[in-house]
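Undergrad: Everything below, folded, please.
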Amino acid sequence: MRKRARIFISILIVSFVVTPAAFPCSSIALMNSGSLIFATNYDNDFWPGQIFINKRNVKKSSWEAGTTGRVAAWTSRYGSAIITCVGFQLPWAGMNEAGLVFSTMALGETKVAPPDELPPLSGPFWWQYMLDTCATVEEVLAASRNVRMADADDHYLVCDRKGDCAVIEFLGGRMVVHKDKALPVRALTNRDYAACLEHWQSKGTPPSNPYHSFNRFSRLADKLEKFKETSTGEAVDYAFGLLKNVAASNTRWSLVFDTGNRTFFVRSFKNDSVRSIDLSKIDFSCGQPSKMLDAHADLEGDITASFTDYSHEAVLNQLIKSLAYFRPNLPQEMPRQVLGLFESYPCDKTAAVK
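TA: Prediction:
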């Protein structure tokens, strides 16, 4: 790829990682009868969203090089379903067919490491790499040693089908991980995890603002402590109830992931019906067209069969809308540059059939 195009794409991805203001997003995870339930709210004034089905055995690469000139390159091992306010290959949240799931929360204190020999990946694409190649949280942590988070203004909650979870933050130029005993509450808002946990454990008076990170974290922590194992359906309803309790006037979608059954539930401010996507019914083989669906589509029930073939025009329009909102002063040709890269990824015909 030409150097100018690479620069354009780098700036474009940064523009989508850095939001103009922090909004009160929230995420939680709970165990129910040996199955992990993961839930998250996306709160922002920008509401358009798309759900994409990403294929396995696709050869991908990034556009930026580390200090030694090496660029990240991989073949996706797992298919995934992602939701995004930006576009193809740039997830805000998602789950792969192995049951690895993550979500994004804005964190103003974020500071990534300076450039080094590791190939850099910008925030959303860093997570697509993880969904493509990892089945467990431990694999995510191992893979993080092979690439560098290049650009982010966020922190993340990630869990796997086995019930392992971690909060991943980038503070003071280093990656900070909270897991196991260092993650007694599986919740995340928009302050660093340690500060939220300390406030909750100290039994301090929550801020009067119900959307303050400490307030939302404490309410979620209290509700998680009270959860009793129940049926899967009731656990999903409980998770949606927690999300509703911390929702804001600009909550655009609420998601619940049942990792045991590999099912992705969504409701949005334009469609309050709970819809489900069953990953076990999806053909993730590379020879099939990528699939997409409006996150607010007027549908109900199981919408797995409602996905349509990937549309260049629809994805480009979404990128343009996102750019106009997040970074209106950037060159208009930039969405076409980044989309051209993502649409150029070929199938790896040598990869083993899964």
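
Undergrad: ok, which stretches of this structure are helices?
TA: Under the criterion DSSP state H, the chain contains helices at 3-17, 123-133, 137-143, 193-201, 213-226, 232-245, 312-326, 334-343.

Undergrad: neighbouring contacts of the fifth one?
TA: Helix 213-226 is touched from outside by 24, 26, 28, 30, 185-191, 195-197, 199-200, 204, 206-207, 209-210, 242, 245-246, with contacts defined as C-beta atoms under 8 Å, 6 or more residues apart in numbering. From N, CA and C alone the C-beta is placed, and that goes for glycine too.

Undergrad: Return the members of those classed as buried.
TA: Neighbour-count burial (16 or more other C-beta atoms under 10 Å) applied to the contacts of helix 213-226 gives 24, 26, 28, 30, 185-191, 196-197, 199-200, 206, 242, 246.

Undergrad: Skipping adjacent residues, who's closest to residue 134 in space?
TA: In space, and not counting its chain neighbours, residue 134 is closest to residue 140: 4.8 Å by C-beta to C-beta, 6 or more residues apart in numbering.

Undergrad: So which of the helices of the chain is the most surrounded?
TA: Of all these, helix 123-133 carries the top mean neighbour count, a mean of 25, counting by mean count of other C-beta atoms under 10 Å.

Undergrad: Give me the distance from that one to the chain's centre.
TA: Chain-centre distance of helix 123-133: 9 Å, with C-alpha atoms, centre = their mean, to the nearest Å.

Undergrad: same thing with stretch 141-153?
TA: 14 Å.

Undergrad: Between the two ends of that stretch, how far is it?
TA: Using C-alpha to C-alpha, to the nearest Å, one end of stretch 141-153 lies 19 Å from the other.

Undergrad: Use 610 as the first number for this chain going forward.
TA: Fine by me, first position is 610 from now on; the one you just mentioned is stretch 750-762.

Undergrad: That one: which residues count as buried?
TA: Those would be 750, 752-753, 756-762, for stretch 750-762 by 16+ other C-beta under 10 Å.

Undergrad: one step back: contact partners for the residue nearest to residue 743?
TA: Residue 749 neighbours (C-beta under 8 Å, 6+ apart): 709, 739, 743, 767, 775, 777.

Undergrad: can you count the residues close to residue 636?
TA: When neighbours are defined as other C-beta atoms under 10 Å, residue 636 has 29 of them.

Undergrad: Bridge partners for it, pull those for me.
TA: Under DSSP bridges, the beta-bridge partners of residue 636 are residue 649, residue 797.
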